[in-house]
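In: Return a 3D structure for these sequence lines:
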Amino acid sequence: SNFGCCIEVGPIAPASLKGAIFQKTEALIHATLDYIEDYNNGKLLSNTYPLTIYHYLKVVDYPRNEAGELEGMIHPQLQGRDYQELNPGDPMFLTFDGTTIYYEEEATVWPVFINEVAYYEKGVAMCLTKKEIVRE
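Out: Numbers count the residues shown, from 1 in each chain. You can find the predicted model right below:
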């Protein structure tokens, strides 16, 4: 397929189960499949509600030294701000010696999966996305 979809479930501690989150996820999957079926059968009406889509741009790793060891962490002002704007000049990382590393790209982005423990070994501090609002 040329199209993909990602559903992030949480917050939830690794290796744990929560019934309410399971039920919400299951309901979302069924609604998504119903939508796809209606789309494929030409049954969709005009979208009256905006849909927010986050397009993947790239992965950003933590600051590391030449040996590949961590030299910093997510900046406190960015921690917990998944799906919120990151603008040029905003703090991204705080090194262990107290230096702030700022976001230096030209475009505003929306980071996701910020500081996910499971991604440390994969070299993923966060993924950067571009936000799009679809109205029809």
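
In: Can you pull the phi and psi angles for the residue nearest in space to the middle of the chain?
Out: With the centre of the chain defined as its mean C-alpha position, the nearest residue by Cα atoms, centre = their mean is residue 112, 2.2 Å away. Backbone torsions for residue 112, taken as degrees, to the nearest 10, come to phi -130, psi 160.

In: swap in residue 126?
Out: Phi and psi for residue 126, reported as degrees, to the nearest 10, are phi -170, psi 160.

In: what's the burial count for it?
Out: 25 (other Cβ atoms under 10 Å). C-beta: built from backbone N, CA, C; applies to glycine.

In: Could you list everything it pairs with in the sheet?
Out: Taking DSSP bridges, one obtains residue 60 as the residues bridged to residue 126.

In: Contact partners for it?
Out: 59-60, 74, 111-115 (Cβ atoms under 8 Å, 6 or more residues apart in numbering).

In: in this protein, what spans have low per-residue confidence?
Out: In the prediction, the chain carries residues with pLDDT under 70 at positions 1, 3, 45-48, 136.

In: Would you map the helices across it?
Out: If DSSP state H is used as the criterion, the helices of the chain fall at 19-40.

In: now the strands for it?
Out: Counting by DSSP state E, the chain has strands at residues 51-60, 72-74, 91-95, 100-102, 110-112, 126-134.

In: How far off centre is the last one?
Out: This points to strand 126-134. For strand 126-134, the distance from its own C-alpha centre to the chain's C-alpha centre is 8 Å (Cα atoms, centre = their mean, to the nearest Å).

In: Farthest-apart pair in the contacts of residue 126, please.
Out: Using Cβ to Cβ, those span at most 14.1 Å, a distance reached by 59 and 74.

In: Looking at those two, which one has more neighbours?
Out: For the pair residue 59 and residue 74, the greater number of neighbours falls to residue 74 (19 against 14), based on other Cβ under 10 Å.
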